[in-house]
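# sharing a model prediction with you, sequence too.
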Amino acid sequence: MITGMCVCVCKPVYDSSLTDAQWAVIEPLLPVRDPRRAGRPLKFPRRLVVDTVLYVLVSGCAWRLVPHDLAPWDVAYRWFRAWTADGTWDRVDDALRDRIRIVDGRDPQPSAAVLDSQSVRSHQGGAAIGWDAGKRVRGRKRHLLVDTGGLVLRAVVYSASVQDRAGAKLVLTGVRDRFPQVGLIWVDGGYVNAVDAGLVGWAAEREGLEIVAVPRNADVKGFRVLPRRWVVERTFSWLGRCRRLARDYERKTAHAEAMIKVAMIRLMAARLAGEKIEPRGPIETEAARRLADDLKSE
């Protein structure tokens, strides 16, 4: 018989887990159970549930493969699904973005934004799966509207078969109801060309938005940082650090949009906690150095 063995339950620590400072930022924004509504007490703390969702997001593993020292996968998925349906992720994302803009000395309401899309392969079936003939990708498109600092204002996921100009209308419809000061949207040349410039007129007439294209210089070969457009490209790079977003593994577009918001929540919580996420490995470090050099030379 073995005696003197210490048996303890310690909080799991993974690279994806929230630090105490990050949890202090997020905790007040999450729903709190009202004891007056009866029901059983929570068996698993909310922090453990969020850490489990973040483990799936960052590692890219399947829900059923989360480690046993985190919350059970079905519990974490149930909370992820519930918070997607009731808009919790949206509210947390909006609150943290406003706080960051205030800390940076800016108005919480942006006046300009950058729009772009990204085609990603779908791992399995699900809703809104299509074929992007231009990128030769079967899957979905992620359409992001970001502020001039790269923080996501709106994320819409839909079939990859939908053209960018049609997808832009899905993103921009009603955007001024949430962001009334937005008046200028920068886009790439694919949204405004000689074949179809209808997006410009539609945005001005229906939404009161000015669309300005930032075209790529055809004479310049290789990588080139484009004014304004590099901001949204950097946001896609931020999302790419989460392996769950390397492909689209979600069966519902609402869950795919929620994963984008959770990734931004993690990033913004770290920033508000004063814990800057540095690039890892030689490739990310070199890419960050080149981007900084290109921006200085603008």
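Arrived safely, thanks for sending.
# what pLDDT is listed against residue 79?
Residue 79 is assigned 96 on the pLDDT scale.
# host element of it?
helix 73-85 (DSSP states H and E).
# for residue 106, give its distance to residue 151.
Using C-beta to C-beta, to the nearest Å, we find residue 106 at a distance of 10 Å from residue 151. To be clear about C-beta, it is placed using only N, CA and C from the backbone, and glycine gets the same treatment.
# who has more neighbours, these two?
Using other C-beta atoms under 10 Å as the criterion, residue 106 and residue 151 rank with residue 151 on top: 23 against 15.
# phi, psi of the more buried one?
phi -80, psi 140 (degrees, to the nearest 10).
# wait, doesn't it sit right on residue 264?
Yes - counting by C-beta atoms under 8 Å, residue 151 touches residue 264, with 6.9 Å between them.
# output the below-cut-off pLDDT ranges for this protein.
Flagging of the chain using pLDDT under 70 yields the residue ranges 1-12, 34-39, 193-197, 215-227, 277-298.
# run the last query once more with 50
Counting by pLDDT under 50, the chain contains low-confidence residues at 1-10, 223, 298.
# where is the longest helix in it?
helix 253-272 (DSSP state H).
# which strands or helices does that helix pack on?
Using 3 or more C-beta pairs under 8 Å, 6 or more residues apart in numbering; DSSP states H and E as the contact criterion, the neighbours of helix 253-272 among helices and strands are helix 20-26, helix 46-59, helix 73-85, helix 88-103, strand 137-146, strand 152-159, helix 229-240.
# nearest to residue 205 among the ones you listed would be which one?
Smallest distance to residue 205 across those (C-beta to C-beta): 18.9 Å, for strand 137-146.
# contacts only, for residue 154.
Residue 154 makes contacts with 144, 145, 171, 175, 178, as judged by C-beta atoms under 8 Å, 6 or more residues apart in numbering.
# who is it paired with across the strands?
For residue 154, the beta-bridge partners are residue 145 (DSSP bridges).
# my guess is residue 58 contacts residue 16, does it?
Yes - contact criterion C-beta under 8 Å: residue 58 and residue 16 qualify, at 3.8 Å.
# contacts for stretch 120-129, please.
When contacts are defined by C-beta under 8 Å, 6+ apart, stretch 120-129 is touched by residues 137-142, 157-160, 245-253.
# since that was my last question, I'll sign off now.
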